[in-house]
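Trainee: fold the stuff below for me.
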Amino acid sequence: MKLKSLTLSLLIAASAAIPLAAHAADKPVLEVWTMSLSPKFDGYFKNLVAQYNAQHPNVEVKWTDYPWDVIQAKFTAAVGAGKPPALVNLNVPWAYDYQQEGLIQPLDNLIDKSQYVAGALKDVTFNGKVYAFPHYNGANVIAYNAELFKKAGLDPNKPPKSFDEELQYAKTIKAKTGVAGFAPTLGPTKIEALLMQNGLDVVKDGKPAFNSPAHVAFVKKLADAYKAGALLKDNLFSQDNFQVAMAAYNGGRLAMLESTPTTLTRVRDEAPKLYAHTRVAPAPLGPTGIAAGGWMFNFAVARNVDKALLPEIGKFGNYLTNAQNQLAFAKLAGTLPTARQAAADPHFQKVADNAGAAERAVSIAAANLDKTRTLFLSVKNADVLSAKLSAAVEKAVTGRQDVKAALDEAAAYWTSKL
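Mentor: You can find the predicted model right below:
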């Protein structure tokens, strides 16, 4: 999601920067904004802030939560008015956009980098500098129906270890059981991540790179699986096919479901009989060695906060995202932490012998946190370009246009826009 013209107009219209709010007795106030975490996590954040304020009487932290579809406009307006919060909760694409616009600042002198797993730091490192405190993340696993594997002649103890194997398993399952095997997401903003995770550049040297022979071969594999009925066709080319894939898996119409560990709790609650023979395995890393499913949230600092407050902002940012607080949040939210010590906690690393698929999924995903990245298209007009590429892939996969011709057509469009 790119920042609109709102950014420029607000900044141009803004008057001279006004320092961050301070208490009447010159006690600095640090405003911390989160995204769509209230009311579910009210208790967690109120307690965290209260404890910090009690331990640091020289500063006052105030927490405010905004809906995800409001926080960007609020933050842009606050920066433009010279009244930014001390910390703002962003996802990685938004942090990238704000860094490109020059609205947030590097934090290398404030952040304790040793706290975090490598993948999380890489997600918020732009042009060699770290621009945010990593917070919570996700990583995919494969949930699969062991009974359908058996009916298809597949060994339930040998889940697919590559994307090619996922497609091959899916074709075998469809041929032997009549059930779709797999539901990748090929829609806008998701197709680029799939290509990148499989070692295929989307843009190279400022030009579209997705019409190479390797890309054509990859899309042809998808087309073959589609023709065989191996891919769940419901919402296959939409931006998000999770809900229909979830329903299909719980209804026995899909053999493999690739998603985050919290998915397994829905299988457990909505389809208990199916859950009993659901197994879980790591999602394939692919040739890049990157674990799919990363969508890391973080806390950034506006470019024009009062510089005198930066040391206090750094202290609270490190506290907010330290291992103890991340572990507590992850247990409440069912998410994965980005703090090393939190990820190493027995909550994620030890699984009881009688544990179900949901518990095993959390441990499996946590083991891949160092390799988990947020993959997204980092170019101008990303939404428009992504929609064009997804439409080309849809025509190619469904057989409505030759694969090479469809990708060439999309590449020509991208060239005109890039």
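
Trainee: and stretch 222-231, average pLDDT?
Mentor: Averaged across stretch 222-231, pLDDT comes to 98.

Trainee: just the buried residues of that stretch, please?
Mentor: 222-223, 225-226, 228-231 (16 or more other Cβ atoms under 10 Å). Where you see a C-beta, it was placed from the backbone N, CA and C, and this is true even at glycine.

Trainee: do stretch 231-245 as well
Mentor: Buried, per 16+ other Cβ under 10 Å, within stretch 231-245: 231-232, 234-239, 241-242, 244-245.

Trainee: so what would you say the end-to-end distance of it is?
Mentor: End-to-end distance for stretch 231-245: 10 Å, by Cα to Cα, to the nearest Å.

Trainee: quick one: that stretch to chain centroid distance?
Mentor: 18 Å (Cα atoms, centre = their mean, to the nearest Å).

Trainee: coming back round to it: out of the buried residues of stretch 231-245, who's nearest residue 198?
Mentor: residue 231 (15.7 Å; Cβ to Cβ).

Trainee: for residue 248, see how far away that closest one is.
Mentor: 11 Å (Cβ to Cβ, to the nearest Å).

Trainee: any residues in contact with both of those two?
Mentor: The contact sets of residue 231 and residue 248 overlap at 180, 183 (Cβ atoms under 8 Å, 6 or more residues apart in numbering).

Trainee: where along the protein do the strands fall?
Mentor: Here the chain has its strands, by DSSP state E, at 29-35, 60-66, 87-91, 125-126, 129-130, 133-134, 141-145, 203-204, 207-208, 256-259, 278-282, 297-300.

Trainee: in its sheet, what does the last one sit against?
Mentor: Right, strand 297-300. Partner strands and pairing direction for strand 297-300 (DSSP bridges) are strand 87-91 (antiparallel), strand 133-134 (antiparallel).

Trainee: could you do the second one as well?
Mentor: Looking at strand 60-66 with DSSP bridges, its paired strands and their directions are strand 29-35 (parallel).

Trainee: next one: the strand it pairs with to chain centre, how far?
Mentor: Counting by Cα atoms, centre = their mean, strand 29-35 comes out at 22 Å from the chain centroid.

Trainee: pull out the buried positions in it.
Mentor: Within strand 29-35, the residues that count as buried by 16+ other Cβ under 10 Å are 30-35.

Trainee: ok, stretch 349-357 next?
Mentor: Residues of stretch 349-357 classed as buried by neighbour count (16+ other Cβ under 10 Å): 356-357.

Trainee: do the same with stretch 112-129
Mentor: Those would be 115-117, 119-124, 126, for stretch 112-129 by 16+ other Cβ under 10 Å.

Trainee: among these, which one has the lowest pLDDT?
Mentor: Ranked by pLDDT, the buried residues of stretch 112-129 bottom out at residue 119 (92).

Trainee: so who does that one touch?
Mentor: 137, 291, 294, 338, 369-373.

Trainee: picking up where we left off before, what's the closest of the strands of the chain to residue 76?
Mentor: Going by Cβ to Cβ, the one of the strands of the chain nearest residue 76 is strand 87-91, 10.2 Å.

Trainee: show the average pLDDT along that closest one.
Mentor: Computed over strand 87-91, the mean pLDDT rounds to 98.

Trainee: the chain should start at 16 in everything you say after this.
Mentor: From this message on, residue numbering opens at 16, which makes the last subject strand 102-106.

Trainee: return the distance of that strand from the chain's centre.
Mentor: With Cα atoms, centre = their mean, you get 14 Å for strand 102-106.

Trainee: show residues contacting that strand.
Mentor: Against strand 102-106 from outside (Cβ under 8 Å, 6+ apart): 45-50, 52, 86, 90, 113, 147-148, 150, 310-317, 328, 331-332, 335, 389.

Trainee: got a pLDDT number for residue 35?
Mentor: 45.

Trainee: from the buried residues of stretch 127-144, which land in helices?
Mentor: 134-138 (DSSP state H).

Trainee: what's the closest of the residues you listed to residue 369?
Mentor: residue 134 (31.0 Å).

Trainee: look up how far residue 383 lies from that closest one.
Mentor: As judged by Cβ to Cβ, residue 134 and residue 383 stand 9 Å apart.

Trainee: what touches both of these two?
Mentor: Listed contacts common to residue 134 and residue 383 are residue 306; contacts here mean Cβ under 8 Å, 6+ apart.

Trainee: could you give the separation of stretch 56-74 from the chain centroid?
Mentor: For stretch 56-74, the distance to the chain centre is 28 Å (Cα atoms, centre = their mean).

Trainee: ok, stretch 310-317 next?
Mentor: 12 Å.

Trainee: and what of stretch 317-337?
Mentor: 24 Å.

Trainee: before we move on, what about stretch 297-308?
Mentor: With Cα atoms, centre = their mean, you get 14 Å for stretch 297-308.

Trainee: quick one: contacts of it?
Mentor: Under Cβ under 8 Å, 6+ apart, the answer for stretch 297-308 is 134, 153-157, 175-178, 180-181, 208, 211-214, 273-275, 379-380, 382-384, 386-388, 390.

Trainee: mean confidence score for that stretch?
Mentor: Mean pLDDT, computed over stretch 297-308, is 87.

Trainee: would you list the phi and psi of the nearest residue to residue 330 once chain neighbours are set aside?
Mentor: Of all residues not flanking residue 330 in the chain, residue 71 sits nearest, at 7.5 Å (Cβ to Cβ, 6 or more residues apart in numbering). Main-chain torsions, residue 71, degrees, to the nearest 10: phi -130, psi 80.

Trainee: all set now, cheers.
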